[in-house]
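Enquirer: my questions are about this predicted structure, shown below with the sequence.
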Amino acid sequence: MPKQTRLFTACIIALVAMAFGFVIRAFVLNDWGILFNLSETQKGSIQGAGLYPQALSIVFFSLVIDRIGYGRTIAFAFVAHLVSAYLTITATDFKGLYLGTFIFALAGGAVEAAVNPIVATLYPQSKTRHLNMLHAGWPGGLVIGGIMAIALAGSTGGNSWRWQVALYLIPTCIYGVMMLGMKFPVQERVAAGISYREMLMEFGWAGCFILSLFAAYAIDEILRVFDMHLPGLGIVLVTLVPTIIFALRIRSFGRPIFVILLLVMVLLATTELGTDSWIAALMTPVLKEFGANAGNWVLIYTSSIMFVLRFCAGPIAHRLSPLGLLAVCAAVASTGLFWLAHAGAAPFMIFLAATCYGFGKTFFWPTTLGVVSEQFPKGGALTLSAIAGVGMISVGVLGNPLLGTMQDHFLDKSLAAQDAALHAQVADPAQSKFGLTYQPLDKTKIAALPPAQQAEVETIRTANNQATLARVALLPALMFLCYVGLILHFRARGGYAQVHLAEAGPAGMA
């Protein structure tokens with residue numbers, strides 16, 4: 001196998017390892033909820049811990065990766081993947097699960113920080129195409145890991161979830177061996193002689209502000225796991241101090257279009273990763289009559305669609321333009337999610353709606369990376385990693401926990417409205433998060449109810465789960481409007497075209 005192909009393949013398998021961990025965590029989430037009596041908010045926090053530390057790791061490594069090298073970054077990811085597997089498998093409570101997931105996310109951030117600039121450098125004339133091919137490893141891993149996890153479910157008694165978690169060690173060992181002895185390319189920014197300062201100018205203090213704001217909430221999220229929190233003044237300081245220092249030292253707002261893409265990435269990540277984190281748990285009660293793994297197959301099915309289509313991204317993006325492709329995908333994803341919310345419990349309608357959603361979300365992430373790489377090559381690894389980092393951290397500290405909190409809130413209100421006496425039996429003390437006050441339902445108390453009352457709670461939960469998808473459908477609808485605005489902006493300037501370093505304009509211009 002030629003070295004370039006071997007390195008490209010190893011990068012894909014590294015993403016497969018990340019996807020294994022992601023899909024397995026999504027599949028065992030309900031098991032963890034029962035075994036460890038977790039609230040929906042706690043489950044959302046675990047899902048968040050699988051994402052926002054990845055964002056911090058992505059950005060940290062993007063700032064130093066040109067100096068420490070891709071090899072050391074991948075080595076860190078490999079070791080962290082091994083450590084996270086051990087911590088998760090041996091966990092006995094919420095905090096243990098949280099820590100294992102947190103370390104896994106740090107490993108994922110190192111992988112993402114390395115593989116995106118590696119591939120963009122290996123294939124400078126076909127960035128969008130090869131970044132989509134690279135990120136086919138993500139849905140491919142979701143499919144393979146999901147099927148393997150389902151095959152193991154229940155086969156080893158009460159410890160089946162531990163064996164499922166151990167599955168992601170397989171692709172981890174494969175990419176670790178394939179990366180041994182590899183020589184990595186010099187990033188195109190470095191090869192072109194673009195300075196570190198010029199890279200920071202592309203990112204700008206506006207990018208620093210957005211990233212620091214989410215980092216502040218990430219710190220608060222970590223502290224809350226240990227019954228502490230970051231006060232409002234602390235969040236302000238963590239946000240403003242690095243932003244002010246950056247502004248004084250670099251004196252650049254950043255590229256305006258890049259800043260817009262950073263904000264849109266918050267919506268994109270919640271639509272794709274946030275929904276995928278919850279889709280198995282949300283659809284399992286809806287499809288309970290078709291087996292315990294019916295909800296899991298929804299995620300596997302949509303991921304299969306993504307895997308196939310990402311290899312077709314080049315011709316499609318060439319015909320529509322990358323921004324046109326993103327606009328179409330946003331409209332289709334919004335339709336699919338709204339359809340899922342109103343598909344009832346009929347498997348045919350659910351999978352038809354899931355097909356629409358799967359088509360819609362397919363090109364979101366890699367095509368956005370392609371746009372950033374094509375339009376802001378001076379930003380090097382930083383702008384590529386920052387766009388991915390903001391996506392990860394926003395869905396980790398906002399998207400996933402918010403989806404969990406919304407479920408707790410509306411489930412609490414629905415049960416209280418329909419059966420106040422039953423609600424009083426199973427509701428825990430009131431909590432408040434994201435401005436929503438609710439009483440989480442205690443699964444242990446629900447399990448002790450008579451079958452008729454358990455069925456009543458489950459019916460309300462099922463309706464609540466599908467309603468959550470309708471609320472998420474608003475996010476890609478808003479994304480569609482943003483992409484249309486960007487398309488009109490580029491059309492006014494003569495159309496979308498890739499920027500090459502020799503032709504790049506001064507920093508600060510869109």
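Expert: Received, thanks. Keep in mind it's a predicted model, so treat the numbers as computed, not measured.
Enquirer: so where's the stretch 301-450 of the chain uncertain?
Expert: Within the stretch 301-450 of the chain, the segments meeting pLDDT under 70 span 313-314, 317-318, 344-345.
Enquirer: where do the strands sit along it?
Expert: 431-433, 436-438 (DSSP state E, counting those that start in this stretch).
Enquirer: tell me who's in contact with Pro429.
Expert: By Cβ atoms under 8 Å, 6 or more residues apart in numbering, the contact set of Pro429 is Gln439. Heads up, the C-betas are built off the backbone N, CA and C, glycines and all.
Enquirer: over to the one 3 residues further on?
Expert: Contact analysis of Ser432 by Cβ under 8 Å, 6+ apart lists Tyr438.
Enquirer: partner residues bridging it?
Expert: Going by DSSP bridges, Ser432 is paired in beta bridges with Thr437.
Enquirer: how about the CA coordinates for stretch 297-312, as PDB?
Expert: Only the C-alpha atoms of stretch 297-312 are listed here, as PDB (Å, rounded to 0.1, in the frame of the first residue of the first chain):
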ATOM      1  CA  TRP A 297     -31.300   0.400  14.100                       C
ATOM      2  CA  VAL A 298     -32.500   3.900  13.300                       C
ATOM      3  CA  LEU A 299     -29.100   5.300  14.000                       C
ATOM      4  CA  ILE A 300     -27.400   2.500  12.100                       C
ATOM      5  CA  TYR A 301     -29.700   3.000   9.100                       C
ATOM      6  CA  THR A 302     -29.100   6.800   8.900                       C
ATOM      7  CA  SER A 303     -25.300   6.200   9.300                       C
ATOM      8  CA  SER A 304     -25.400   3.700   6.400                       C
ATOM      9  CA  ILE A 305     -26.800   6.400   4.200                       C
ATOM     10  CA  MET A 306     -24.100   8.800   5.300                       C
ATOM     11  CA  PHE A 307     -21.300   6.300   4.700                       C
ATOM     12  CA  VAL A 308     -22.400   5.700   1.100                       C
ATOM     13  CA  LEU A 309     -23.200   9.200   0.100                       C
ATOM     14  CA  ARG A 310     -20.000  10.800   1.500                       C
ATOM     15  CA  PHE A 311     -18.000   9.000  -1.200                       C
ATOM     16  CA  CYS A 312     -20.200  10.900  -3.700                       C
END
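Enquirer: show me which residues of it are buried.
Expert: Under the neighbour-count criterion of 16 or more other Cβ atoms under 10 Å, stretch 297-312 has 297-307, 309-310 buried.
Enquirer: swap in stretch 402-418?
Expert: Neighbour counts over stretch 402-418 (16+ other Cβ under 10 Å) mark 402-415 as buried.
Enquirer: what do you get for stretch 211-218?
Expert: For stretch 211-218, burial by neighbour count (16+ other Cβ under 10 Å) applies to 211-218.
Enquirer: quick check: the two most widely separated of those?
Expert: Spanning the widest gap among these are Leu211 and Tyr217, at 11.2 Å by Cβ to Cβ.
Enquirer: rewinding a little: out of the buried residues of stretch 297-312, which are inside helices?
Expert: Using DSSP state H, the subset of these located in helices is 297-307, 309.
Enquirer: please name the residues that touch Phe184.
Expert: Contact analysis of Phe184 by Cβ under 8 Å, 6+ apart lists 7, 69-71, 118.
Enquirer: now those residues as a markdown table including pLDDT, secondary structure and neighbour count?
Expert: Output for the contacts of Phe184, formatted as a markdown table (pLDDT from 0 to 100; DSSP: H, G, I helix; E, B strand; the rest coil; neighbours: other Cβ atoms under 10 Å):
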| residue | pLDDT | secondary structure | neighbour count |
| --- | --- | --- | --- |
| Leu7 | 92 | helix | 22 |
| Gly69 | 88 | coil | 13 |
| Tyr70 | 90 | helix | 27 |
| Gly71 | 90 | helix | 15 |
| Ile118 | 91 | helix | 25 |
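Enquirer: model confidence score at Ala292, please.
Expert: Looking at Ala292, its pLDDT reads 60.
Enquirer: need the contact list for Leu415.
Expert: 422-423, 426-427, 441, 457, 460.
Enquirer: rerun that using 6 Å as the cut-off
Expert: 423, 460 (Cβ atoms under 6 Å, 6 or more residues apart in numbering).
Enquirer: what do you get for the one 5 residues further on?
Expert: Under the criterion of Cβ under 6 Å, 6+ apart, Ala420 has no contact partners.
Enquirer: check the gap between it and Gln439 for me.
Expert: Per Cβ to Cβ, to the nearest Å, Ala420 is found 12 Å from Gln439.
Enquirer: go on, Ile487?
Expert: Counting by Cβ to Cβ - Ile487 and Gln439 are separated by 46 Å.
Enquirer: quick one, helices of the stretch 51-200 of the chain?
Expert: 52-68, 70-89, 94-122, 127-134, 137-152, 160-166, 169-179, 188-191, 196-225 (DSSP state H, counting those that start in this stretch).
Enquirer: where among these is average confidence lowest?
Expert: Among the helices of the stretch 51-200 of the chain, helix 188-191 carries the lowest mean pLDDT (a mean of 76).
Enquirer: buried set for that helix?
Expert: Neighbour-count burial for helix 188-191, counted by 16+ other Cβ under 10 Å, picks out 188-190.
Enquirer: so which of these comes closest to Gly109?
Expert: Using Cβ to Cβ, Arg189 is the member of these that lies nearest Gly109, at 20.0 Å.
Enquirer: tell me the contacts of the closest one?
Expert: So Arg189 contacts Gly380 (Cβ under 6 Å, 6+ apart).
Enquirer: Gln454 versus the closest residue to Met406 other than its chain neighbours, what's the distance?
Expert: Closest residue in space to Met406, ignoring its immediate chain neighbours: Thr468 at 6.1 Å, by Cβ to Cβ, 6 or more residues apart in numbering. To Gln454, Thr468 is 21 Å away according to Cβ to Cβ.
Enquirer: then Tyr168?
Expert: According to Cβ to Cβ, Tyr168 and Gln454 sit 34 Å apart.
Enquirer: who has more neighbours out of these two?
Expert: A side-by-side neighbour count of Tyr168 and Gln454, using other Cβ atoms under 10 Å, places Tyr168 first with 28 against 14.
Enquirer: would you list the phi and psi of that one?
Expert: Main-chain torsions, Tyr168, degrees, to the nearest 10: phi -70, psi 0.
Enquirer: name the nearest residue to it, ignoring sequence neighbours.
Expert: Phe20 (3.6 Å).
Enquirer: which positions in the helix or strand containing the one you found come out as buried?
Expert: Using DSSP states H and E, Phe20 sits within helix 3-35. For helix 3-35, a neighbour-count test (16+ other Cβ under 10 Å) marks 7-33 as buried.
Enquirer: now do stretch 481-493
Expert: 482-484, 486-487, 490.
Enquirer: and if you look at stretch 432-449?
Expert: By neighbour count with 16+ other Cβ under 10 Å, stretch 432-449 contains the buried residues 433, 436, 438-441, 443, 446.
Enquirer: output it as PDB, nothing but the C-alphas.
Expert: The C-alpha coordinates for stretch 432-449 follow below in PDB (Å, rounded to 0.1, in the frame of the first residue of the first chain):
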ATOM      1  CA  SER A 432     -33.200  24.100  37.400                       C
ATOM      2  CA  LYS A 433     -31.000  24.200  34.300                       C
ATOM      3  CA  PHE A 434     -31.000  26.400  31.200                       C
ATOM      4  CA  GLY A 435     -33.800  28.500  32.700                       C
ATOM      5  CA  LEU A 436     -36.100  25.400  32.900                       C
ATOM      6  CA  THR A 437     -37.400  24.200  36.300                       C
ATOM      7  CA  TYR A 438     -38.500  20.600  36.500                       C
ATOM      8  CA  GLN A 439     -38.700  17.500  38.800                       C
ATOM      9  CA  PRO A 440     -36.800  14.600  37.200                       C
ATOM     10  CA  LEU A 441     -38.700  11.300  37.400                       C
ATOM     11  CA  ASP A 442     -37.000   8.600  39.500                       C
ATOM     12  CA  LYS A 443     -36.600   5.400  37.500                       C
ATOM     13  CA  THR A 444     -36.400   3.200  40.600                       C
ATOM     14  CA  LYS A 445     -39.800   4.500  41.800                       C
ATOM     15  CA  ILE A 446     -41.300   4.000  38.300                       C
ATOM     16  CA  ALA A 447     -40.100   0.400  38.300                       C
ATOM     17  CA  ALA A 448     -41.900  -0.200  41.600                       C
ATOM     18  CA  LEU A 449     -45.200   1.000  40.200                       C
END
